[in-house]
Each structure stands twice: as structure tokens, then as C-alpha cells.
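# The following block contains a protein sequence and its predicted model.
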Amino acid sequence: MQPVTFARLGLIAPLLRALVALGYKVPTPVQVQALPVVLGGRDLLATARTGTGKTAAFALPLLQRLAEEGAPVAGNSVRALVLVPTRELAEQVCKSIRTYGQYLPLRICAVYGGVSIDPQVMQLRKGIDVVVATPGRLLDLHRQNALKFGQVRMLVLDEADRMLDLGFSRELDALFAALPPRRQTLLFSATFADAIRDMAGAILSDPVSVEASPRNTPARHVRQWAIPVDKRRKPELFCHLLKKRGWRQVLVFVKTRKGVEQLVTILLGQGVRADSIHGDRSQPARLRALERFRAGEVQVLVATDVAARGLDIDDLPLVVNFDLPILAQDYIHRIGRTGRAGAGGEAISLVCADEVAQLAAIEALLREKLRRIEEPGFEPDHRVPMTGPATALPARKTRNPGKPKVAGSGPTGARPGTKGSPVAPAARPGVRKPGRRGPSRRPS
């Protein structure tokens, strides 16, 4: 049997030329399964491990369909939208799409908050073929008539679990209502809770489901283990490990913005080249920190979960969970920053007794126990209990308890099989219902 190639999948010459320049030789499993579906015009729900080529799986056929249609784009209009949850991911995806489409006469841009809206308004005036956007800024541009949706033929939700989960319900409802009902819709992510998958059905029409790897699984080549430690000694332990093991480049995840800055201050005080990424920093500052880290000018990059998605760093050897994430799925995205494209990687979690519920939830999601290795001299006084079903986190309650809405019911629900309709939250734990006021829980 002949091996599957990009040419055999039906890609046009300009895209094949770009892939050759990038050194892409063999398509990944998710690309093999997704490309024919998207090129055929079908809606798609796809899941695969992080770092396995999901961006190319939707970007390549999207670019080909736009190039083959050749329809001129009107001023302040767009033909394809790619929605992402974070600014960093918007930049990363936009860069990838531009690279894949470098030999095609298509205009591609990214729009997101945290920066001035005026340059983005100017950029959109002549019309854009592909816009990669975060939902809030996209809605702002649409409401100002800087971006019209009448020509949209393709919609992609990247990291769709986050897009349909924490904090984006209201924006997505408004966007789906404003988009043309006749469109091709693609949902891609590394993780899909069953409830999220059910709700996604409300915005897809007769979709093809692609599962290129087991659901909610980390990259295969990442070694994972945990170090039990008392909470107060975590900074000391991290600095000890950094020096003892000679870590040259490490991405560290901390739960809060304040905690990020506290750890960075400690590291800088010890002469360690460190920088931070979190929601309180301006977008230019976040991008500078990331570029310095990629260039090797920063040894330790400390971040909140805003960096759990969208950071594509070549050969990143190590991720450290200084704090465990509140949501177990975020653990998979965090450690997915290493072990990308088949490379090896290591993920270490510093776990205190207070985090046993989060640890249990992570292990339940992984369907395996994390190996525990105590560091001599840092054995905890407060032992981390052994995990089991009883220690898992309870289901989160909605902010306004009551009978949960089900997709397809109520005034804001979508009729089954109807595209372009708002999505009801269908008893999503810990997520407010669309239309109700209250703080969102976007990544910090």
C-alpha cells in the first residue's frame, strides 16, 4: 500500500509548495482524516492530541477552498473566520495560516483585544479573506460596522472546548446569531467533555466526527510525575530543582497573576533570567516575553493558563505545574506545550495537600496515577493523601441554580439541526447562562 501524502489528499500546488518549504513530508492522522472532509464541504468535529497538527488540518483545506472559489471580498468583509480563546493563540494560528498560504493571493490577519482597535479597523477596510480572532474583539469590530459577516462561508472554532466552555457563552451566542446560517463549521480541540460535544451539535449540520487519538489524552512522549511538597516550600523547591537539574528552558504554570509575579520576583532576585505572561500584562509585553523565551534570552517563563494554549515553542523540554490547574482539562493543554510533533518532553507537578482534589480529577481524566517522587529535604509535613474516586472535585454549581437549559429549548436555545443559532449552556458545571450578568471566567 502506498503511503498517504499531501498530494494524494488532493491539495493544490501552491499549498504543496509551502509544505515542502516547511519540511512537511507525511500528514498526521488528524490531517489524513480531516482534509478530505473539509475539502468536501462537510461540517466537522475533530479531536486530537495537542501538537499533532490540528492547525494545518483546518487551515490547508480552508485556504484551498477560498482559493478555488476565488470570490472577491468586499470592503470591511471576511470570507472565513477562525475563533480562538486567547490572544497568543490568535497570533500563532494567524502566523501558521499565512505560512501555509504564502503562495496564494489571500489576505489574512488576526484581531484581538489588549491592543488598540484602530489599526485593526484600518486593516479590515479593503476586506480580508481569513480573520483569526478572539470573540470579544470580533464582536466589537462587527458592532462598529468595521467587519461585516455577509460573505462568511467558513467558520472554525479552534480549542472549541474552551470556546464553548468558560466565559465565552454570551459572545458566541451573539456571533452565531450574526453569522449567515449557510456556512461550513469546523470544531477542533484536544479535549471535549461529553456535555460540550453535545452542545456543539447545535451549531453543526450533519457533521463528520474525527477522533485521531483517544479523548482527553496528553502527548504520547511526555514523561509525567509529581513531587509532593508543602505549599509554603514550593518556591524554594522550584529554585532548588532549577539549580540542581540545570534546567536551561522551562515553562512554569502558576494559578494566579499575583503568584506569577511573586515567583518571577524570587527568580530575578537569585539572578535567574525570568519573565511572565498573564492577563494583567499588556499584549505587547506578553509577546515580548514569549519571543525572549523562544530566543533563549529568558530561562524561565512563568504564566497563568492564558499560556496553556497557543504557545508553540520548538523543542521545549520541560513544563512545571507550580500549581495544579482548577480544571483537569487544562492540565492536558499545559503539558501539551512540550512533547510536540513527536518530540520528547517532561512535565513535573509540585503538589501540596490542598491540591489533592485537583490531582484526583487530573488522574481520573488521564485514567492513570501520576508517579510521585519525593525530593530529599523537601518531604512534606502535610502529606498528600492517596487519590481515588472520593477525592475528585465535586461538580461545579451554576451561579444561578435552577432547571438547566438544554440545547434546543427555551428562548435562546437552538432548534436541533439549526445552524447559526445561540447555544444554550445545557447544565455546564460552573458556567453562567447566556444573558445573565456576572463575571466571566476567561483565562487570566
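Ah, there it is. Residues are numbered from 1 along each chain as shown.
# Please make it C-alpha for all contacts and neighbour counts, starting now.
OK.
# where does the stretch 301-444 of the chain dip in pLDDT?
By pLDDT under 70, the low-scoring segments of the stretch 301-444 of the chain are 307-312, 314, 339-344, 389-444.
# now do 80
306-315, 329, 336-344, 388-444 (pLDDT under 80).
# For whichever strand or helix holds Gln64, name the packing helices and strands.
Following DSSP states H and E, one finds Gln64 within helix 54-69. Helix 54-69 makes packing contacts with helix 29-39, helix 87-100, strand 184-189 when contacts are defined by 3 or more Cα pairs under 8 Å, 6 or more residues apart in numbering; DSSP states H and E.
# Tell me the helix or strand right after that helix.
The first helix or strand that comes after helix 54-69 along the chain, using DSSP H and E, is strand 78-83.
# name the helices or strands packed onto that next one?
Using 3+ Cα pairs under 8 Å, 6+ apart, strand 78-83 is in contact with strand 128-133, strand 154-158.
# quick revisit: give me whichever of the helices and strands packed on helix 54-69 is most buried.
Comparing the helices and strands packed on helix 54-69 by mean neighbour count (mean count of other Cα atoms under 10 Å), strand 184-189 ranks first with a mean of 23.
# what's that one packed up against?
Strand 184-189 packs on strand 44-47, helix 54-69, strand 154-158, helix 160-163, going by 3+ Cα pairs under 8 Å, 6+ apart.
# 10 Å - rerun?
Using 3 or more Cα pairs under 10 Å, 6 or more residues apart in numbering; DSSP states H and E as the contact test, the elements touching strand 184-189 are helix 29-39, strand 44-47, helix 54-69, strand 78-83, strand 154-158, helix 160-163, strand 208-211.
# partners of it in the sheet?
strand 44-47 (parallel), strand 154-158 (parallel) (DSSP bridges).
# Point out the most buried one among the helices and strands packed on strand 78-83.
Once neighbours are counted as mean count of other Cα under 10 Å, the most buried of these proves to be strand 128-133, having a mean of 26.
# Can you list the strands that that one pairs with?
strand 78-83 (parallel), strand 108-111 (parallel).
# Need the residues that contact the next helix or strand after the shortest one.
When you say that, I think you mean strand 108-111. Under the assignment DSSP H and E, the closest C-terminal helix or strand after strand 108-111 is helix 118-124. When contacts are defined by Cα atoms under 10 Å, 6 or more residues apart in numbering, helix 118-124 is touched by residues 74-78, 107-112, 131, 137, 141, 144-148.
# ok, of the residues you listed, which come out buried?
For the contacts of helix 118-124, a burial check counting by 16 or more other Cα atoms under 10 Å picks out 74, 76-78, 107-112, 131, 137, 141, 146-148.
# Which of those residues sits closest to Ala226?
Within these, proximity to Ala226 (Cα to Cα) peaks at Tyr112, which comes in at 35.7 Å.
# residue contacts, the closest one?
Tyr112 neighbours (Cα under 10 Å, 6+ apart): 84-88, 90-91, 120, 132-138, 140-141, 283.
# Report the separation between it and Val84.
Remark: distance between Tyr112 and Val84 (Cα to Cα, to the nearest Å) = 9 Å.
# where's the residue with the largest distance to the centre of the chain, which helix or strand?
For the chain, the residue at maximal distance from the C-alpha centroid (Cα atoms, centre = their mean) is Gly377, at 37.1 Å. In the assignment (DSSP H and E), Gly377 maps to no helix and no strand.
# my guess is Gln31 meets Lys54, correct?
Yes - Gln31 lies in contact with Lys54 (Cα atoms under 10 Å); the separation is 7.1 Å.
# circling back to that earlier point, any chance of the strands paired with strand 128-133 in TSV with distance to Thr5 and mean pLDDT as columns?
Formatted as TSV, those follow (distance: least, Cα to Cα, whole Å; pLDDT from 0 to 100):
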stretch	distance to Thr5	mean pLDDT
strand 78-83	26	97
strand 108-111	26	97
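# Would you mind giving the domain segments of the protein?
Following the assignment in automatic domain parsing, the chain carries domains at 13-211, 222-391.
# if I look at the residue nearest to Gln224 when sequence neighbours are not counted, how far off is Leu179?
Distances taken as Cα to Cα, 6 or more residues apart in numbering place Ala347 nearest to Gln224, at 4.8 Å, with adjacent residues excluded. Counting by Cα to Cα, the gap from Ala347 to Leu179 is 41 Å.
# Between those two, which has more neighbouring residues?
Between Ala347 and Leu179, Ala347 has the larger neighbour count (other Cα atoms under 10 Å), namely 24 against 19.
# I am finished for the moment; much appreciated.
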